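**Q** Here you go, sequence then predicted model.
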Amino acid sequence: MAVTAPKRLSQRMRDQGRPFETALLTPLLVVVVVSVAAALTPHLQFNRLLGVAPALAAAMFPVAGTLGVGVLALTADTALGLVVEHDLNRTPGYFTLLAIATITLAAAYASRVRQNRERTLAQVCAVAETAQRVLLRPLPNHLGQVDIEVLYRAAAAHARIGGDFYEALQTPYGVRLIIGDVRGKGLPAVEAASVVLSSFRVFVKDSPDLPSLAGRLESGINGYCEVVPSEDVLERFVTIVLVEIPTDEPVARLVNCGHPPPLLLHDGDVREVEPSAPSAPINMAALLGDHYRVDTIPFAAGDSLLLYTDGVSETRDHAGTFYPLAQRVRPWAFAAPRQFLDLLEQDILTYVSGTRDDDLAALVAHRAALGPTG
């Protein structure tokens, strides 16, 4: 399937897990190091540092493991008192044991709280994964003569979905694609994205042209806003690009509704496909009109279209400069779609300053061949 992000995520988690497995030995290492230091320098009373071990264990061990480390620390302190000082019956010795026991109990409680939060996070991630499979289902690598690859990254660290979306389907009119971005973030943006995507999937094969398809998407989001009213209903709009790639014509037809312009990659050249006339974003036709302009561009075998959201083009560096997309991707104009998107993702991560605060989606449609009459 085209979406290989889950596989890469699993591999990344396995890679990140190896250092964590090594870190599990840290509390035990603390007990050993502190015990040796206390035995060699009894006058410095290093044994008071044994309470660090259960405190560290709380961050990575379950409750039983944390208590076990605490018992080990208590045993080590007792042994040091008997073997090194030959006397445990002293107030400082009892105080150290009490301190370790208190820290162990507190650490066990902290471990329990951490485990509860981890379970909650795991459940939330599972729900997000399921929602992504429904909303942003994997796209096929090939639709007719068109190869397709996608890249998607949600802004939130543990989120899998956001307000950016995409879809590609084979229709009687050729391959039709959509990429879009809902204004706003969070669950309202996800819900609005699901409405637009659902409408697209329902009407994409029956709409005779792209303007009629855009009009049906407009009706769908209008109906949603009427059923689920809110204070910001007038500001809840969606920018999209609709693309139609006929099977037997070396062209692509586009309707751009307030979205960043796609890039056409042709024979090593990269150019923005600006709309010849503006079309209103979805859910803004009542204010701006419902005149959807179709632009037809040459799109022959070997050409590619890069569709993307503003999470790509509005990425900023440390100086606040926007990511110069057309300039940066020019060296990769001949790359295969999957390699192209991998290079794009790596370059954005290198370019960005700090943490991204917007979702990111990109789709490459590459025309591998023309139909029999092309």
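**A** Received, thanks.
**Q** hey, where'd the helices end up in the stretch 151-300 of the chain?
**A** 186-203, 210-227, 285-288 (DSSP state H, counting those that start in this stretch).
**Q** So for residue 43, which of those helices sits nearest?
**A** Shortest distance between residue 43 and the helices of the stretch 151-300 of the chain, using CB to CB, is found for helix 186-203: 59.2 Å. In short, each C-beta sits where N, CA and C put it, glycine included.
**Q** now the angle from the closest one to helix 210-227?
**A** If you take axes from the mean of the first three to the mean of the last three CA atoms, to 10 degrees, helix 186-203 sits at 140 degrees to helix 210-227.
**Q** buried sites along helix 186-203?
**A** By neighbour count on 16 or more other CB atoms under 10 Å, the buried set for helix 186-203 is 188-190, 192-200, 203.
**Q** Turn those residues into a markdown table, columns for distance to residue 52 and pLDDT.
**A** As requested, those are arranged in a markdown table below (distance: CB to CB, whole Å; pLDDT from 0 to 100):
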| residue | distance to residue 52 | pLDDT |
| --- | --- | --- |
| 188 | 46 | 77 |
| 189 | 44 | 79 |
| 190 | 43 | 80 |
| 192 | 50 | 86 |
| 193 | 48 | 88 |
| 194 | 49 | 88 |
| 195 | 53 | 91 |
| 196 | 54 | 93 |
| 197 | 52 | 93 |
| 198 | 55 | 93 |
| 199 | 58 | 95 |
| 200 | 57 | 96 |
| 203 | 63 | 97 |
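**Q** closest one to residue 298 among the helices of the stretch 151-300 of the chain?
**A** helix 210-227 (17.3 Å).
**Q** So residue 64, which state does it fall into?
**A** helix (DSSP: H, G, I helix; E, B strand; the rest coil).
**Q** Where in this protein is the helix or strand with the lowest mean pLDDT?
**A** helix 5-23 (a mean of 50; mean pLDDT, DSSP states H and E).
**Q** So which elements touch the helix ranked longest in the chain?
**A** Using DSSP state H to assign secondary structure, the helix with the most residues in the chain is helix 91-135. Where contact means 3 or more CB pairs under 8 Å, 6 or more residues apart in numbering; DSSP states H and E, helix 91-135 is packed against helix 52-57, helix 63-83, helix 186-203.
**Q** between it and helix 63-83, how many degrees?
**A** Using the same axes, to 10 degrees: helix 91-135 against helix 63-83 is 160 degrees.
**Q** now the helices of the stretch 151-300 of the chain in CSV, with distance to residue 64?
**A** As requested, those are exported to CSV (distance: least, CB to CB, whole Å):
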stretch, distance to residue 64
helix 186-203, 37
helix 210-227, 50
helix 285-288, 61
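**Q** Which one, of the ones you listed, ends up nearest to residue 243?
**A** That would be helix 210-227 among the helices of the stretch 151-300 of the chain, by CB to CB, at 8.2 Å.
**Q** what is the mean pLDDT for that closest one?
**A** Here helix 210-227 scores 92 as its mean pLDDT.
**Q** For it, name the packing helices and strands.
**A** Counting by 3+ CB pairs under 8 Å, 6+ apart, helix 210-227 packs on helix 186-203, strand 238-245, strand 251-257, helix 285-288.
**Q** chain center to the shortest one, what's the gap?
**A** With CA atoms, centre = their mean, to the nearest Å as the basis, helix 285-288 stands 33 Å off its chain's centre.
**Q** Not counting its own residues, what contacts it?
**A** Identification of contacts with helix 285-288 by CB atoms under 8 Å, 6 or more residues apart in numbering yields 215, 218, 222, 280, 281.
**Q** Pull stretch 292-311 out as PDB, backbone CA atoms only.
**A** Taking Å, rounded to 0.1, in the frame of the first residue of the first chain, the C-alpha atoms of stretch 292-311 are listed here in PDB:
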ATOM      1  CA  TYR A 292     -15.400  27.200  -9.800                       C
ATOM      2  CA  ARG A 293     -12.800  27.700 -12.600                       C
ATOM      3  CA  VAL A 294     -11.200  24.600 -14.200                       C
ATOM      4  CA  ASP A 295      -7.600  25.000 -15.300                       C
ATOM      5  CA  THR A 296      -6.200  22.500 -17.800                       C
ATOM      6  CA  ILE A 297      -2.500  21.800 -17.900                       C
ATOM      7  CA  PRO A 298      -0.300  19.500 -20.000                       C
ATOM      8  CA  PHE A 299       0.300  16.300 -18.100                       C
ATOM      9  CA  ALA A 300       2.100  13.700 -20.200                       C
ATOM     10  CA  ALA A 301       3.800  10.400 -19.400                       C
ATOM     11  CA  GLY A 302       6.700  11.000 -17.000                       C
ATOM     12  CA  ASP A 303       5.100  14.200 -15.500                       C
ATOM     13  CA  SER A 304       4.200  14.500 -11.800                       C
ATOM     14  CA  LEU A 305       2.000  16.700  -9.700                       C
ATOM     15  CA  LEU A 306       2.800  17.500  -6.100                       C
ATOM     16  CA  LEU A 307      -0.300  18.400  -4.000                       C
ATOM     17  CA  TYR A 308       0.400  19.600  -0.500                       C
ATOM     18  CA  THR A 309      -1.100  21.600   2.400                       C
ATOM     19  CA  ASP A 310       0.200  24.700   4.000                       C
ATOM     20  CA  GLY A 311       1.900  22.600   6.700                       C
END
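**Q** Buried residues, that stretch. List them.
**A** The neighbour-count check on stretch 292-311 (16+ other CB under 10 Å) flags 292, 294-295, 297, 299, 303-311 as buried.
**Q** Return the member of those residues nearest to residue 117.
**A** Using CB to CB, the buried residues of stretch 292-311 come closest to residue 117 at residue 311, 28.3 Å.
**Q** show me what contacts the spatially closest residue to residue 345 that is not a sequence neighbour?
**A** Among residues not flanking residue 345 along the chain, residue 151 sits closest, at 5.8 Å (CB to CB, 6 or more residues apart in numbering). Neighbouring residues of residue 151 by CB under 8 Å, 6+ apart: 5, 341, 344, 345, 360, 361, 362, 363.
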